[in-house]
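>>> Structure for the following, please:
(chains A, B, C and D)
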There are 2 protein chains.
Amino acid sequence: MPPRKSNPAFLNGVPEMLLLELLARRPMYGYELVQAIKTATGGQLEFGEGCVYPILHRLEEQGVLVSSRQLVGGRQRFVYEVTDRGRGQLAETIGAWQRVVAAIDHALQGGERGRTAVA
Amino acid sequence: MPPRKSNPAFLNGVPEMLLLELLARRPMYGYELVQAIKTATGGQLEFGEGCVYPILHRLEEQGVLVSSRQLVGGRQRFVYEVTDRGRGQLAETIGAWQRVVAAIDHALQGGERGRTAVA
DNA sequence: TGCCATGCCTCAAGCTCTGAGGTACAAGCC
DNA sequence: GGCTTGTACCTCAGAGCTTGAGGCATGGCA
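Presented below is the predicted three-dimensional model:
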C-alpha cells in the first residue's frame, strides 16, 4: 500500500471551497492561489497546479468566476474574480462543510467519551 | 455535470475514521456499521456496503481490526473488533482530521471577515 | 408460495487529486 | 552569448476512493 504520502487524506471538494473563499477576498491568479492556499492553511494543506487550474477553468465555465488577462512585465496572468453567483455558491458550500464537520464531531463524541486522550 | 447527488462532497478517509471510532466503542458487524454511521452522524453521512466492506477487509489485513464469526439464528455474521494497534491508529487519524479542520477553519476566517452571513 | 429484510460479497464507472511533464518569457550569472 | 532559475500557464496518466448496482443465501411473514 503506497502509504498515501500526499495530504492527510479526507478532503474532496475542499480545494474548490478554499479557492472560492480566497478569491472572494481579493482577485488572484492561478499560480498565486497555489501558494495562497498553503499559506492560508498554515502549511497544512497544499494543492498542486494540476489540481487548481482545472478547478479554475471549470468554475469559470459555470459562471462562478470570471477571468481577465493582465500583462505584468511582458508576462501574462489570468486574474480570477468571484461573481455574485459565486458568492452564493461559496456560502452554500461553507454551510455544507460545516454540517459535515458537525456531523463527524458528533459521531466522534457521540458515545460516552472514553478514548485514550487524543494528541 | 451530473450534479454529484451523493454525499455533500469532501470526505476521503472519513469512512475509515468513523468505522474505527464506532468499533472502538463496541464490536459490530458490517451491515450494522452501515446504519450505525448513518445514525451516529444524524443522517448527514451515509456510506454504502460497497464502501464499508472493502475498508473492513483492508483494516483487518493491516492488523487494525480482528474479526470473528458468529452464528445468530442460522445466519452468519463477521463481528469486527479494534486491536491495540487500531486504537493507536484511530487516535492518530482523529488528530490528523482535527488539524485539517482547524486549518480549513483558519483559512475560512483568516481574512478580516467580510462575507455575507452564512446560512 | 412469494416477498422482504438481513447479511455477506464484488465489480464497473465516476470523480478527485497527485506528480510529472511541457511551453514560454524575464532576469541573473559567468 | 549561453545557462540556469523563477514566474506563469497548461495537460495528462495513474492512483485512490466512493457510488450504485448487482449477486448469493437465509429466515420470517403473509
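>>> How is A:Asn95 assigned, secondary-structure-wise?
I think there's a mix-up here, since residue A:95 is Gly and not Asn. Remark: A:Gly95 carries the secondary structure label helix [criterion: DSSP: H, G, I helix; E, B strand; the rest coil].
>>> right, I mislabeled it, should have said A:Val79
In the three-state summary, A:Val79 is assigned as strand, counting by three-state DSSP.
>>> What's the local residue count around it?
A count of nearby residues for A:Val79, using other CB atoms under 10 Å in any protein chain shown, gives 17. Backbone N, C-alpha and C define where each C-beta goes, glycine included.
>>> Distance check, it against chain B.
Look at A:Val79 and chain B: by CB to the nearest CB, to the nearest Å, they are 18 Å apart.
>>> That residue bridge partners, please.
Partner residues in beta bridges with A:Val79, using DSSP bridges, are A:Tyr29, A:Ser68.
>>> pretty sure it is touching A:Val66, no?
No - in this structure, A:Val79 sits apart from A:Val66 without contact. The criterion is CB atoms under 8 Å, and the distance is 9.4 Å.
>>> need the contact list for A:Gln109.
A:Gln109 makes contact with no residue, according to CB atoms under 8 Å, 6 or more residues apart in numbering or on different chains.
>>> actually A:Leu56, not the one I typed
Contact criterion CB under 8 Å, 6+ apart gives A:19, A:30, A:33, A:65, A:67, A:80 as the residues in contact with A:Leu56.
>>> shouldn't the fourth one be in contact with A:Thr83?
What it means is A:Leu65. Yes - assessed by CB under 8 Å, A:Leu65 is found in contact with A:Thr83 at 6.6 Å.
>>> So between the two, which is more surrounded?
Neighbours per residue (other CB under 10 Å) separate A:Leu65 from A:Thr83, with A:Leu65 holding more: 22 against 15.
>>> Neighbour-wise, give me the winner out of the contacts of A:Leu56.
The member of the contacts of A:Leu56 surrounded by the most neighbours (other CB under 10 Å) is A:Leu19, with 27 neighbours in all.
>>> In PDB, list the C-alpha atoms belonging to the host helix or strand of that residue.
A:Leu19 is part of helix A:14-25, with elements assigned from DSSP states H and E. Coordinates of the C-alpha atoms in helix A:14-25 are reproduced here as PDB (Å, rounded to 0.1, in the frame of the first residue of the first chain):
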ATOM      1  CA  VAL A  14     -12.100  21.300  -0.200                       C
ATOM      2  CA  PRO A  15      -9.800  22.900  -2.800                       C
ATOM      3  CA  GLU A  16     -12.800  24.400  -4.600                       C
ATOM      4  CA  MET A  17     -14.100  25.900  -1.400                       C
ATOM      5  CA  LEU A  18     -10.800  27.300  -0.400                       C
ATOM      6  CA  LEU A  19     -10.300  28.800  -3.900                       C
ATOM      7  CA  LEU A  20     -13.600  30.400  -3.800                       C
ATOM      8  CA  GLU A  21     -13.000  31.800  -0.300                       C
ATOM      9  CA  LEU A  22      -9.600  33.300  -1.200                       C
ATOM     10  CA  LEU A  23     -10.900  34.800  -4.400                       C
ATOM     11  CA  ALA A  24     -13.900  36.300  -2.500                       C
ATOM     12  CA  ARG A  25     -11.400  38.300  -0.500                       C
END
